[in-house]
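>>> here is my input, please return the structure:
(chains A and B)
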Amino acid sequence: MRKTLILVGLLALYSLAALGQGYDAMPEDALIFPIGVEGTVYEDMELGVRGGTLNVSNIEDPRGWNNHTAHETSTTWFTNRMHRGLLNLDHISGAVVIDFAKGYEISDDGLVITFHMREGIKWSDGVDITADDVLFTYNDLILNEDVDCNSRDGQILPDGTFPVCEKVDDYTVTFTLSTIYRPILNSLSFNLMPKHVLAQYVHKLNPDVPAGTFNETWTLDTPLEELVGNGPYIVTDYQPNVSVTMERNPYYYGYDPAGTQLPYYDKIQTTIVANQDVSMLKFRNGEIDVYGLRPEDIPILLPNAGAKDYSVMITDLATYGTTWIMPNQDIGIPDGTNEEKRALYRNVEFRQAIAHLLDKDTMVQNVLNGLGTAQWGPLSVPSPFYAGRDVYGGPITENNAVWFEYDPALAASKLDALGVVDQDGDGWRDLPSGAPLTIEMNTNDNTIRIAYCLIMQDDFRAVGLNCNFQVIDFNTLVGQLFGSTGDIIMLGLTGGDEPNSGKNVYSSCGTLHAYRFSACEDPDEIDLRIDELLDLGANTFDLDAAFGYYTEYQQLLANQLGYIYLCQPTFQYTYYNKVGNAFMASPISTPAGNNGLLTELCFDKTL
Amino acid sequence: MKRNGLRALGLMSCAIVLVSLVGFAVDLYDIVATEQVPEISKAAGLNLIDDYISTYTAEELTDLAANGATPGIQLAADRALFRLNDGLLSLVGLDQDTLYAMAAAGNQDAADAWVFNARANYKRPELAEEAIAASQVETIEVALGMLLGGFYGPGSPLGVKPKDELLRLVVVGESLGLRIAAATALTTYWIQEGNLSISQVEAAIRANSGVNPELALAHQGLLTYLYSQ
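Okay, here's the model as predicted:
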């Protein structure tokens, strides 16, 4: 028994030594989050106190602790809390902001980005973080073909080259680009890794270890004391299939305006659960503090919210992604048919008529059970570039929105004006030539998409458009999409913050420019302007200027009605009210979200 | 000392207990042991679950759940046992046919688990209402009623009913499920409003217990909350 106690004591000391003792005082170069500061997106937040444990759940065990070889969110959930990069997403607005860099500047020609690092900041084991760690992470891990790194592709510039990372001094690095490309800033937010710990496992730097060794580094078998990071937390305990414990990094460089070092919570206790239902029940039992609820959870959780002192957030904030219908403007090209229908679909007046037949309110109410919102443009609403904002990263006002309201009478009059009228008295509108007009609407076996299509089919038929809706196999549908053989297709796309990520969809030669692939060879003025705006937005580091370009881009696409947007589910969340600042949860970040951003700003209000 | 006192309370149905040790604003041990109105006794009992878990063995809880002197003691012991056995988590993994059979045999927890597993089928209040109307099993109907109450209550994105309508529905609702739904939603409203005192709620329960059981149940939910404050 005595031996056991001594052993436990030694382990505890070892653990403390691995984590280091922390700073004597707030570092001069600390990163201050403007919590509670008026005029910032943090102004509604409360200053917290340190202490306590945030209890959360995760589905599936992590597969390791190596941030740069992780391919699954069950791992990055933890590594994103252990590591931070030069840049990051703002925890609240989602804009790209400085993080481990205390500043950066871009050369006049836009080709050299110089990062100034925070000085006097240490890894969790107490070793200084320097430019060598940045070069190690970028040149020896990310760009190293021997490393199975998931972020290498994101570093490729439009001309196929990679930025060149060089050291200026111990706290200054440069990235030299072959071409101006603002979206590279997102990619340069890669998490930093400690050279003094990991260089020995990189074959390029240590030929004594076999090639590929780094890919087997920081696995689940690694003693946790060996893990070193610069993020707010470090993993200190792992019980397979049961739990993961993270404890505060004593050398984290984030502070609040009162000088309190972040994170506020001492620990994050993550329970591994089998599925979301278990998470939900654990939340209801008070075993976990926050939960990303699903619509079907709401009626179960709402009644006890007051009694158990938790909040059920039901917001009108759209989540990432888009759903749309797409009249195929190239219909008939592959087999030399449907010339008249193709001309009709290419007429924006016809597509406007279609847009006026989309009863998005009913879709939200009947399909999304009230938990959705109408969409008008191509970019995900949470993006700081979303044109529903007035400025980059500003609040959503929808001042710039382009709406085609549900108005069947207007749609009918537009169809009349196009000569799409019932000429043979069968009750269905015909093509201007008198030939029958039959619209085939297809989607895949997805209950929400099917429900949308049934609503649209009813509205199309109500104005005399003979619309036949059919569910088809997903691969067949995708084949129609890429082969330009479909008629009107209903599908969706994932979304992100960076408009340039949509270049493959919206540029005239994009591989997913499915509403009119022929635009690549035969672009109209709007196609050309959209292409130009995409390039202009990517080729400036002035975010306000980029926002201007992308606003015009989104409005042009919305008016062009290539993809005609429908609705998107909104964001829901629930948390015990004792979790301070959890009310700031959004699609961008939540207290238990994968990117780990909001976690460090939450605190235990009972302390 | 406390443990022995609680044993005396439960096992011997002793009315005099060591209430000062637990620090409640109201004497829950006295209420649970002596209160004759079931809803008031149960509201007290639901606040003693943690103490029962730490005080009694599983065997003792089993006995109390079956033979406790009051409905509150029985309920506290029953819920303590349920929680000791992992609560709903222990049931939701069973297949729906098994749960349904258990529910049909009168197991309310099994019915709750069955509805929990099936809740994605009832994403709109009308769907839950239809299921209640079609239900052949009382426990399932009760569980569906509680789910429907989540739609009827404040904050729901669909199906919110005004309090006046709920007060009518809780008494004259055409089915048990609808009355339970109204009761669930009313409790939510009252907790949110926070303007009823313990004595007012106890009086309302005494007036309705055995007369309007679901209205009394709604007040029981509020009283459970008020006793916990």
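
>>> okay, CA-based contacts and neighbour counts for the rest of this
Fine.

>>> next up, the contacts around the residue of chain B found nearest chain A.
Closest to chain A within chain B is B:G150: 3.8 Å, counting by Cα to the nearest Cα. Each residue near B:G150 by Cα atoms under 8 Å, 6 or more residues apart in numbering or on different chains is listed here: A:298-303, B:156, B:181, B:184-185.

>>> taking these one by one, which sit in helices?
Judged by DSSP state H, these include A:298-301, B:181, B:184-185 as members of helices.

>>> in chain A, what residue is nearest chain B?
Going by Cα to the nearest Cα, chain B is nearest to A:P299 of chain A, at 3.8 Å.

>>> leaving out chain neighbours, which residue sits closest to that residue?
Of all residues not flanking A:P299 in the chain, B:G150 sits nearest, at 3.8 Å (Cα to Cα, 6 or more residues apart in numbering or on different chains).

>>> just want the phi and psi numbers for that neighbour.
Main-chain dihedrals, B:G150, degrees, to the nearest 10: phi -70, psi -30.

>>> swap in A:F469?
phi -100, psi 140.

>>> quick one: it and A:N442 touch, right?
Yes - applying Cα atoms under 8 Å, one finds A:F469 in contact with A:N442, separated by 5.8 Å.

>>> who touches both of those two?
Residues touching both A:F469 and A:N442 by Cα under 8 Å, 6+ apart: A:C453.

>>> these two - which one has more neighbours?
In this view A:F469 and A:N442 are compared by other Cα atoms under 10 Å in any protein chain shown, and A:N442 has more residues nearby, 25 against 19.

>>> and the helix or strand harbouring that one, which strands flank it?
In the assignment (DSSP states H and E), A:N442 maps to strand A:438-443. Strand A:438-443 pairs in its sheet with strand A:466-471 (parallel), strand A:488-493 (parallel), by DSSP bridges.

>>> so for it, mean pLDDT?
In this model, strand A:438-443 carries a mean pLDDT of 97.

>>> got a list of contacts for it?
Counting by Cα under 8 Å, 6+ apart, residues outside strand A:438-443 touching it are A:449-450, A:453, A:457, A:465-472, A:474, A:477, A:486-491.

>>> how far out from the middle of the chain is stretch A:513-525?
28 Å (Cα atoms, centre = their mean, to the nearest Å).

>>> buried set for it?
Residues of stretch A:513-525 classed as buried: A:513-520, A:523 (neighbour count, 16 or more other Cα atoms under 10 Å in any protein chain shown).

>>> so is A:A401 in a helix, a strand, or just coil?
Here A:A401 is recorded as coil under DSSP: H, G, I helix; E, B strand; the rest coil.

>>> ok, it touching A:R389?
No - applying Cα under 8 Å as the test, A:A401 and A:R389 come out as separate, 9.0 Å apart.

>>> the more surrounded of these two?
A direct count of neighbours by other Cα under 10 Å for A:A401 and A:R389 places A:R389 higher, at 22 against 18.

>>> pretty sure that one is touching A:N400, no?
Yes - counting by Cα under 8 Å, A:N400 is a contact partner of A:R389 at 7.4 Å.

>>> got the contact list for B:L99?
Residues near B:L99 by Cα under 8 Å, 6+ apart: B:91, B:110-111, B:113-114.

>>> interface residues of chain B facing chain A?
For chain B, the contact set with chain A under Cα under 8 Å from any Cα of the partner chain comprises B:88-89, B:119-120, B:122-124, B:146-151, B:153, B:155-158, B:184-185, B:187-188, B:191-192, B:225.

>>> mind checking which of the residues you listed are in helices?
B:146-151, B:184-185, B:187-188, B:191-192, B:225.

>>> give me the buried subset of these.
Buried members of these, counted by 16+ other Cα under 10 Å: B:146-151, B:184-185, B:187-188, B:191, B:225.

>>> of those, closest to A:E225?
Ranked by distance to A:E225 (Cα to Cα), these are led by B:Y225 at 45.4 Å.

>>> excluding chain neighbours, what is closest to the closest one?
Excluding the flanking residues, the one nearest B:Y225 by Cα to Cα, 6+ apart is A:A307, at 5.6 Å.

>>> next: B:G177.
For B:G177, ignoring the flanking residues on the chain, the nearest one in space by Cα to Cα, 6+ apart is B:G145 at 4.2 Å.

>>> around that neighbour, how many other residues sit close by?
28.

>>> wait, B:A181 touches B:K161, no?
No - at 10.6 Å, B:A181 and B:K161 do not qualify as touching, with contact defined as Cα under 8 Å.

>>> so what's in contact with the two at the same time?
Common neighbours of B:A181 and B:K161 (Cα under 8 Å, 6+ apart) are B:Y152.

>>> okay, now the domains of the chain?
As the question left the chain open, I've gone with chain A. By the assignment in automatic domain parsing, chain A contains the domains A:18-289+A:578-604, A:322-497+A:562-569.

>>> right idea, wrong chain: chain B
For chain B, automatic domain parsing gives the domain ranges B:2-85, B:88-228.

>>> lowest average pLDDT across those domains?
Lowest mean pLDDT within the domains of chain B: domain B:2-85, a mean of 79.

>>> gap between that domain and the chain center?
Put simply, domain B:2-85 sits 15 Å off its chain's centre (Cα atoms, centre = their mean).

>>> B:N107 touches B:T139, doesn't it?
Yes - the criterion here is Cα under 8 Å, and B:N107 meets it with B:T139 at 7.0 Å.

>>> more crowded one of these two?
Neighbours per residue (other Cα under 10 Å) separate B:N107 from B:T139, with B:T139 holding more: 24 against 16.

>>> and the next helix or strand past the host helix or strand of the more buried one?
Element membership for B:T139, per DSSP H and E: helix B:138-152. Under the assignment DSSP H and E, the closest C-terminal helix or strand after helix B:138-152 is helix B:163-172.

>>> now for that following helix, which elements pack on it?
For helix B:163-172, the elements it packs on are helix B:176-193, helix B:213-228, judged by 3 or more Cα pairs under 8 Å, 6 or more residues apart in numbering or on different chains; DSSP states H and E.

>>> winner for burial among these?
Among these, helix B:176-193 has the highest mean neighbour count (mean count of other Cα atoms under 10 Å in any protein chain shown), at a mean of 26.

>>> what sits up against that one?
For helix B:176-193, contacts defined as Cα under 8 Å, 6+ apart pick out A:303-304, A:306-307, B:129, B:132, B:141-154, B:163, B:166-167, B:169-173, B:196, B:214-215, B:217-219, B:221-222, B:225.
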